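Engineer: Fold the stuff below for me.
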Amino acid sequence: MSASARPGLLGDRDFGRLFAATALGQFGDRVVFLALPLVAVAALDADEFHVGLLAAMTTAGSFLVGLPAGAWVDRLRKRTVMVAADLARALVLATVPVAWWADLLTIWWLCAIALIHGTLTVFFDVAYVSYLPHLVGRDKVVEGNARLSAVRSVTSISGPAAAGPLTALVGAPATLVAGAAGMALSGLLAATIHAHEHTPRPGRHPGLRRETKEGLKFVLRHPVLRAITLGDAVFNVSLAVYQAMLLVFLKREIGLQPSGIGLLFSGMGLGALLGALLASTASKRVGQGTVIWLASLVTCPLTALMPLARPGWSVYVAAVGLAALSLGGVVRVVAQTSFQQALTPDRLLGRTNATIRFISWGGMPLGGLLGGTLGSVLGAAATLWIGAAGMSVSVLLTLPSPLRTRSAVPTRGEVTRQQSVT
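Structural biologist: Predicted coordinates:
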């Protein structure tokens, strides 16, 4: 890793390439986030249950391969996994517009694509989070996470802002071409990173089951990681319930067109950008641990503004609540990720990240199905109320933990002591 006196990590050539690859990949991801469910809602005219099923398939990969993914990633070079996953995701997404133009696209095809894409995303995300400490060193992970969160936030604005009008112009299936292109370019750029990364020797691994179990035990026995993970699990299930009906509510009950929906999601991206810019300051002023639960406590209840909205100006007032959720989410994730990376020994990075993702995201397919079912029975607005309530109470699982008083990310000395215990 090279040192530079230029503006922080952005002066490092390899981090700069990761930064640019992140921008391209996240732009593609934000396009897909908006366009994929719009294919179901607008192009295929799917009902509430099938929209919920699609949302479930999008996150089902976390449940199916979430735990073993960490052990597999720990056996490979993280950068190689990232590049392969990016290119494979691009190829899979490209089949949707091809099937649409050939008049072969169905909701079941779309669900299969969502499942494959989501499974590949699990491997990408586990490798991505595990790669940063190798690239920049543990002493710079907070800066690295903040900068990468900032670029992700910018693309959260530009992605939907581009996807909304593009969907209105060429249709949701064709818009996925832009998402696939972003991910392909991201993978090709990440392949040019030259920083050396150690590859574990095959003979040193005691077995997939044992390695997976070790990562699970490490997370569940650590009071801080356990609190973060369980709180996120409740939050993400509730978020999946909420998101499953959000587009249905906006499209069918509010009457927003794709360009208006894109604008609303860009507002969420603006909230995420403000969160990235404020993350370091907020952590310093209120404490790195405190900000994790305080950010959710302040912003999650504002999501209840959306089911109160009606056609007209009130929907844009409700959009402020979604922007606040994104702001608080980024502040929380930057602090959490820095804690997670600092507390984890190098040899357990992949497994710890995969275990946390498995527990945190494993219930999201159930949340998507629950959201679709509740939407069919109670309606989209009532489902949004239930999701908002669940997100708001998720913080209660974090409050009893040491995060309530912990002010800073652990030092390298604390990590070394943790490694000796582990």
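
Engineer: Quick check: phi and psi at the closest residue in space to Leu256 that isn't next to it in sequence.
Structural biologist: The shortest distance from Leu256 to any residue other than its chain neighbours is 4.7 Å, reached at Leu250 (C-beta to C-beta, 6 or more residues apart in numbering). Glycine gets a C-beta too; all of them are placed from N, C-alpha and C. Backbone torsions of Leu250, given as degrees, to the nearest 10, read phi -70, psi -40.

Engineer: Likewise for the one 5 residues further on?
Structural biologist: When quoted as degrees, to the nearest 10, the phi and psi of Gly255 stand at phi 80, psi 20.

Engineer: gap between it and Asn145?
Structural biologist: With distances taken as C-beta to C-beta, to the nearest Å, Gly255 is found 39 Å from Asn145.

Engineer: quick one: which of those two has more around it?
Structural biologist: Asn145 (24 against 11; other C-beta atoms under 10 Å).

Engineer: hang on, the more buried one packs against Pro133?
Structural biologist: No - the criterion here is C-beta atoms under 8 Å, and Asn145 misses it with Pro133 at 10.2 Å.

Engineer: which neighbours do these two share?
Structural biologist: Gln341 (C-beta atoms under 8 Å, 6 or more residues apart in numbering).

Engineer: In the stretch 101-250 of the chain, where is pLDDT below threshold?
Structural biologist: Counting by pLDDT under 70, the low-confidence segments of the stretch 101-250 of the chain come to 138-139, 142, 196-208.

Engineer: in it, which spans are helices?
Structural biologist: Ranges of helices in the stretch 101-250 of the chain, per DSSP state H, counting those that start in this stretch, are 107-136, 141-170, 172-190, 208-221, 223-248.

Engineer: got the angle between the first one and helix 141-170?
Structural biologist: When you say that, I think you mean helix 107-136. Orientation of helix 107-136 against helix 141-170 (axes from the mean of the first three to the mean of the last three C-alpha atoms, to 10 degrees) gives an angle of 150 degrees.

Engineer: Remind me what helix 107-136 packs against, helices and strands.
Structural biologist: Packed against helix 107-136 by the contact rule (3 or more C-beta pairs under 8 Å, 6 or more residues apart in numbering; DSSP states H and E) you find helix 13-38, helix 48-74, helix 78-101, helix 141-170, helix 314-343, helix 349-361.

Engineer: JSON lines please, covering those helices and showing distance to Gly182.
Structural biologist: JSON lines is the format used below for the helices and strands packed on helix 107-136 (distance: least, C-beta to C-beta, whole Å):
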{"stretch": "helix 13-38", "distance to Gly182": "2"}
{"stretch": "helix 48-74", "distance to Gly182": "17"}
{"stretch": "helix 78-101", "distance to Gly182": "8"}
{"stretch": "helix 141-170", "distance to Gly182": "8"}
{"stretch": "helix 314-343", "distance to Gly182": "20"}
{"stretch": "helix 349-361", "distance to Gly182": "22"}
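
Engineer: Pick the most deeply packed of those.
Structural biologist: Of the helices and strands packed on helix 107-136, the one with the most neighbours on average (mean count of other C-beta atoms under 10 Å) is helix 349-361, at a mean of 26.

Engineer: what's downstream of that helix, the next helix or strand?
Structural biologist: As assigned by DSSP states H and E, the chain's next helix or strand after helix 349-361 is helix 364-378.

Engineer: Kindly format the C-alpha coordinates of that following helix as CSV.
Structural biologist: Taking C-alpha atoms only, helix 364-378 is exported to CSV below (Å, rounded to 0.1, in the frame of the first residue of the first chain):
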residue,chain,number,x,y,z
MET,A,364,-35.4,-10.2,4.3
PRO,A,365,-36.9,-12.8,1.9
LEU,A,366,-39.5,-13.5,4.6
GLY,A,367,-40.0,-9.8,4.9
GLY,A,368,-40.6,-9.5,1.2
LEU,A,369,-43.1,-12.3,1.2
LEU,A,370,-44.8,-10.9,4.3
GLY,A,371,-44.9,-7.5,2.7
GLY,A,372,-46.6,-9.0,-0.4
THR,A,373,-49.1,-11.0,1.6
LEU,A,374,-49.9,-8.1,3.9
GLY,A,375,-50.3,-5.9,0.8
SER,A,376,-52.8,-8.3,-0.7
VAL,A,377,-54.8,-8.5,2.5
LEU,A,378,-54.5,-5.1,4.1
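
Engineer: what's next to stretch 373-393, contact-wise?
Structural biologist: Residues contacting stretch 373-393 (C-beta under 8 Å, 6+ apart): 47-49, 51-52, 234-235, 237-246, 248-249, 252-253, 296, 300-301, 303-304, 306-307, 325, 371.

Engineer: One more: stretch 140-156?
Structural biologist: Residues outside stretch 140-156 that contact it (C-beta under 8 Å, 6+ apart) are 8-10, 15, 18-19, 22-23, 26-27, 29-30, 132-133, 135-136, 265-266, 268-270, 272-277, 279-280, 283, 326, 330, 333-334, 337-338, 341-342, 409.
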